[in-house]
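Q: Please work out how this folds:
(3 chains)
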Amino acid sequence: MLHVLQTLEGSTIAARDVWPLMEGMYPICRSITGDGVRRTLDLVQQQLSLERTEVPTGTKVFDWEIPNEWNIRDAYIADRQGHRVVDFRAHSLHVLNYSVPVQRTMTREELEPHLYSLPERPDWIPYRTSYYREHWGFCLRHRDLEKLGPGPFEVVIDSTLAPGSLTYAECTIPGRTQGEAIVYTHICHPSLANDNLSGIAAAAAVAKELRNERPRLTWRVVFGPVTIGSLAWLSRNEQRLGRIRAGLTVGLLGDGGALTYKRSRRGDRVTDRAAAHVLPRVAAAARLVDFEPYGYDERQFCSPGFDLPVGRLTRSPNGQYPEYHTSADNLDLLRPECLAESIRALAGMIAVLDANRSLRNLSPKGEPRLGKRGLYGSVGGTAPGEFEHALPWVLSYSDGEHDLLAIAERSGLDFALLARAAAALEDAGLARTIEQDTPALKREARA
Amino acid sequence: MLHVLQTLEGSTIAARDVWPLMEGMYPICRSITGDGVRRTLDLVQQQLSLERTEVPTGTKVFDWEIPNEWNIRDAYIADRQGHRVVDFRAHSLHVLNYSVPVQRTMTREELEPHLYSLPERPDWIPYRTSYYREHWGFCLRHRDLEKLGPGPFEVVIDSTLAPGSLTYAECTIPGRTQGEAIVYTHICHPSLANDNLSGIAAAAAVAKELRNERPRLTWRVVFGPVTIGSLAWLSRNEQRLGRIRAGLTVGLLGDGGALTYKRSRRGDRVTDRAAAHVLPRVAAAARLVDFEPYGYDERQFCSPGFDLPVGRLTRSPNGQYPEYHTSADNLDLLRPECLAESIRALAGMIAVLDANRSLRNLSPKGEPRLGKRGLYGSVGGTAPGEFEHALPWVLSYSDGEHDLLAIAERSGLDFALLARAAAALEDAGLARTIEQDTPALKREARA
Amino acid sequence: MLHVLQTLEGSTIAARDVWPLMEGMYPICRSITGDGVRRTLDLVQQQLSLERTEVPTGTKVFDWEIPNEWNIRDAYIADRQGHRVVDFRAHSLHVLNYSVPVQRTMTREELEPHLYSLPERPDWIPYRTSYYREHWGFCLRHRDLEKLGPGPFEVVIDSTLAPGSLTYAECTIPGRTQGEAIVYTHICHPSLANDNLSGIAAAAAVAKELRNERPRLTWRVVFGPVTIGSLAWLSRNEQRLGRIRAGLTVGLLGDGGALTYKRSRRGDRVTDRAAAHVLPRVAAAARLVDFEPYGYDERQFCSPGFDLPVGRLTRSPNGQYPEYHTSADNLDLLRPECLAESIRALAGMIAVLDANRSLRNLSPKGEPRLGKRGLYGSVGGTAPGEFEHALPWVLSYSDGEHDLLAIAERSGLDFALLARAAAALEDAGLARTIEQDTPALKREARA
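A: All right, here's what the predicted structure looks like:
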């Protein structure tokens, strides 16, 4: 599955193909609600059919509530000459995300508590939000802050914060079994390239290819705002969560840092094991790190009330590259070959997670005769080939306790080879896939 | 809890304050029964109210029986001139502990089998006992043995071995829950400083402070003779042993060796995990060693019929310093700063064991909104502080499977910080302590 | 048990004593059926009473069927002068094992596809078989192949492939309990010394001694052909497999490679733990390697439908020495001191596996008084001896969860010492062996 995207050439083409999408999305001022999200989804939807969901303001989602919808048209700080010294039209980061409307003339002193800058990075605009406390503010280059003068200033934020809805969208690729899997990427950051656009782009690239497949699991690729978005999705899908076999939150996939997989809360779930198999094969420098309850939407999927087997795929993790949450996280930070590598990793993990399963050896007493079924050479005494090597591994551990990933771990053989052997054994009637709803897999689903 | 004793200053003062107690106890000839024990407990009782128990001779305690009570007034070997060449009044170690009475004139040859010395340490008097076989003897410096001459000698041991009782005492600090914990220190060694007095002193110092606290667990600090004393205590408390959540046997806490924690028989109990958290923070050189069925009263607490989560806290373990069980284990061997460090470790372990518990996240579906409960800053985009860092760790793993110690292990955060976070979450109604008598904790209690 | 064979001297004598047996067996052309096997068993039977089983052609054994019996009298390739250029009488490897009869005059070209040689080892005859596809062929030195000339050749294989039976034999040493154990060695290779004769010799040496013992387990030492032989044995003993507590397949025990133990499929069974205890004590260079589904009859014993605790003891594993499956695997390859070391290892593992058991401490509340039972010195204060050291280890972990091997692992003490202590404690009424059919051991048997 996703064979082309797992190749260097296929992933390179895919990364190139989604680049214009990132360029189109970059200027938009996204937030956790509002038209910025909708316009972003419109762009994705040009590539990929999506089912969109609007969750009305005030809807309870667990401990949270969908907030008022935020929209912004303009914002600036103008000096006495009417010259815009900070201008939202120049960069969407200039306004504190979710700022309430303002239209006042203020002294520098009055304005000061509403200004955010990075003294140690005087040329970068920081990214700040205030979703759940009514507040307003401007983010600006420290260099500009220092030149600001005493005022008075005309301060305008032409925003609205009013009942509306939260928007997310998903692309569903139906599977052949009851099991499901999820890929979640956040779409709520304004003009930030790595920490937002790269995840959307990679997810879109993979989803596009997935739609040409007939996977075993039903895959849901979800584009939604961080935290409240995944909570809304979880809330609306709560009855179906028992079917989820694996999942990934993805983002920060285009920078030059090493591929990084952050384990699920339990650390030993199938997604974690798939990452341990796939990532070192995609990039020798790839890192596997333990769960911690900071980051992105994996926090919600892994919360103890859901406890889903969801890990996180990034390159540099959040907060661990200097440009993180600043205007320096722009399209220039992204490297096509890195996005391509991320796509290979994501496609590889999806392929493994989709094909992974436990089989039951149907001829478990002694080894079955592979030769008479055309699966094995007939002159003894010499060493078997790679494929013939994989067959007894699958038979030996198809005992209801080991899945194909576990057999890959034990044997050191590649998952794809074992999956081919498993398919051949199923065709020969020597093994049968243990269905998802057996007690053993239910346990794994719950474990 | 025990905050002051966990500081360098507080523990230094505590070590200095108990020094006179050790000096007062040093000359007394203690044994597993008799007035030496009672006089020792009198001295402890000047500092600490104790409940004393007398268990009569002949009482069955499991496979054992309380022996006759031993008391001794005088003992000596005198030469023909009536000169005492070995004199119990000079050192309580000179008599084989539990010697039966003797009053005879003997040749050197007759006396010889009753003499114990250390040829390789000619200036030290060895410590020898014969509790359960009627026997008598003298322990002396090898240098003196060599000068003893041919005799005849007047040999006198003015002891009695007669029905009486075994004495132990305990200080109970009532807790807020059903759970209990124990600290046991032995009080049966005669003039030996590290291997006896240091443990009594540290236990007394900690018990004194504990009485000012309102702990979660009921703590019992027990002062009793080795083996038969802990067996007697176990026998009289057998119905209550199911409540014991943790325990330590303590002793040998004043020498210059590295702090050493010996694990419980199973090696993975809560006491073992507390030691792994606390000891390296108290002393970088601290060692954690596996259980072995030699040592002190942890042998009884950990025997498979009780299987209690009891470890042992020492500096040099028994038998692992040259002065062990000789007259060279005197007050000069003790170092105040080492006793202070031991007190810090003991207080730290008690504090962790008392505060450790499992919590249930009461808002487990997704992360609860900490901000609206005043537990989290409101402007997003920046890194949280230390305390804000601890809150999601506690929430994330308050799943009925992890206690606070386990969360400390996973997160690398300090236990005390996590305990503060847990308390704040309980105050905010976001978590609830899982009571001791839930199945999960019963399992741990039994495990 | 098997005390003498575990000594250097005893094992050296045993290795020397079985050497003539290997010399007698070497020239015989063995296969998986036929008179070669029977003549081989006749030779073993001169040393050891064996119970022989004949399984008729056509008998179903699981996924397999007993094939026609193969016998061969003569085979050769003769040139135009009638000169035998390849002659079965010179070496049994010259004929492809299980070749169907042939009597034809052929050109070199017609003959070519039936010739097997090793270009990279021009002086060695390879070993090839075709048990389950009707075929014929000759194996020859590559040097001879190159000199063969254009023909025509008279090609004769005077063999029969006809209904008959498969032969195996076993030596049963009855035990004192319900538990059983197996040692399986293959007997189907023609003139190959290490990969066949060394295993037969070592198994015979050990079985001979075992017959003088009264083991705890019933030991079955089985001499049978590879794969179809163990399958036949498993098929005929299927009802009794639940009694098997441990097992080894043995072979390749005489070459100069390091002793190698290949773990059972699960890797943590009692046989695996015994090897981890015994092998490093026999040879510092010994290696423990994980299971893989290639090798010899452990493949059948460990197949998931049987899942027996059977490992494999070899020196160089199959395929891992240059002479493997060639005429260079002859008696000159064998080293008496290596065979002796293998016998020590095999005897040591059998001794441990036989004596290993779980005990129940009958005085589990506190330590029992060993002194009053004569098991312990009476004057306290000094260190106990080695045996006195072992007693509390056994008592402490005789809790129904640890067997003697587990106690050996925890304590670092030698298994034999612990077994002596266990016996003494049983004699003293302080411990009792937990019978094989308790749930705990049933679990281990199934685990």
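
Q: what sits up against the strand or helix carrying A:Ala202?
A: Assessed by DSSP states H and E, A:Ala202 sits inside helix A:198-210. Applying Cβ atoms under 8 Å, 6 or more residues apart in numbering or on different chains, the set of residues contacting helix A:198-210 from outside is A:2, A:4-5, A:14-15, A:17-19, A:21-22, A:25, A:40, A:44, A:47-48, A:171, A:173, A:183, A:185-187, A:219, A:221, A:223, A:250-255, A:334, A:339, A:342-343, A:346-347, A:350. No exception for glycine: its C-beta is placed from N, CA and C like everyone else's.

Q: Check the residues you listed for burial and list the buried ones.
A: The neighbour count (16 or more other Cβ atoms under 10 Å in any protein chain shown) marks A:2, A:5, A:14-15, A:18-19, A:21-22, A:25, A:40, A:44, A:47-48, A:171, A:173, A:183, A:185-187, A:219, A:221, A:223, A:250-255, A:334, A:339, A:342-343, A:346-347, A:350 as buried among those.

Q: So what's the residue count around the residue in chain A positioned nearest to chain B?
A: Proximity of chain A to chain B (Cβ to the nearest Cβ) peaks at A:Gly305, 3.1 Å away. Look at A:Gly305: counted by other Cβ atoms under 10 Å in any protein chain shown, it has 16 neighbours.

Q: I figured it was touching B:Gly366, is that so?
A: Yes. Counting by Cβ atoms under 8 Å, A:Gly305 does reach B:Gly366; the two are 7.2 Å apart.

Q: tell me the contacts of the spatially most central residue of chain A?
A: When Cα atoms, centre = their mean is applied to chain A, the residue found nearest the centroid is A:Val250 (1.8 Å). Neighbour list for A:Val250: A:Val183, A:Tyr184, A:Thr185, A:Gly199, A:Ala202, A:Ala203, A:Arg312, A:Leu313, A:Thr314, A:Leu346 [criterion: Cβ under 8 Å, 6+ apart].

Q: Filter those residues down to just the ones in strands.
A: Here DSSP state E is the test, and the contacts of A:Val250 give A:Val183, A:Tyr184, A:Thr185, A:Arg312, A:Leu313, A:Thr314 as lying in strands.

Q: OK, contacts around the residue in the stretch 1-150 of chain A positioned nearest to chain C?
A: With Cβ to the nearest Cβ, the shortest gap between the stretch 1-150 of chain A and chain C falls at A:Met1, namely 26.6 Å. Going by Cβ under 8 Å, 6+ apart, A:Met1 touches A:Glu213, A:Pro215, A:Ile350, A:Ala351, A:Asp354, A:Ala355.

Q: And the buried ones among those residues, selectable in ChimeraX?
A: Entered in ChimeraX, the line below selects the buried ones among the contacts of A:Met1, by 16+ other Cβ under 10 Å:
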select /A:213,215,350,351,354,355
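
Q: Narrow the contacts of A:Met1 to those in strands?
A: Using DSSP E, none of the contacts of A:Met1 sit in strands.

Q: Return the member of the contacts of A:Met1 nearest to A:Gly374.
A: Proximity of those to A:Gly374 (Cβ to Cβ) peaks at A:Ala355, which lies at 22.9 Å.

Q: How about chain A: which residue is closest to chain C?
A: Evaluated by Cβ to the nearest Cβ, chain A has A:Pro364 as its residue closest to chain C, separated by 3.1 Å.

Q: close enough to count as contact, that residue and C:Pro304?
A: Yes. If you go by Cβ under 8 Å, A:Pro364 and C:Pro304 touch, sitting 4.4 Å apart.

Q: more neighbours, the two?
A: A:Pro364 (22 against 19).

Q: May I have the phi/psi pair for the residue lying closest to that one once chain neighbours are set aside?
A: Leaving out its chain neighbours, the residue that sits closest to A:Pro364 by Cβ to Cβ, 6 or more residues apart in numbering or on different chains is C:Gly305, at 3.1 Å. Here is the backbone geometry of C:Gly305 (degrees, to the nearest 10): phi -70, psi -20.

Q: hang on, C:Gly305 packs against A:Glu367?
A: No. Judged on Cβ under 8 Å, C:Gly305 makes no contact with A:Glu367 at a distance of 10.0 Å.

Q: contacting residues around A:Glu234?
A: Wrong residue type there; residue A:234 is Leu, not Glu. A:Val61, A:Phe62, A:Leu241, A:Gln300, A:Phe301, A:Phe306, B:Lys365, B:Gly366.

Q: if we can go back for a sec, just send the contacts of A:Met1 back as CSV, with pLDDT too.
A: What follows is those, written out as CSV (pLDDT from 0 to 100):
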residue, pLDDT
A:Glu213, 93
A:Pro215, 97
A:Ile350, 98
A:Ala351, 98
A:Asp354, 97
A:Ala355, 97
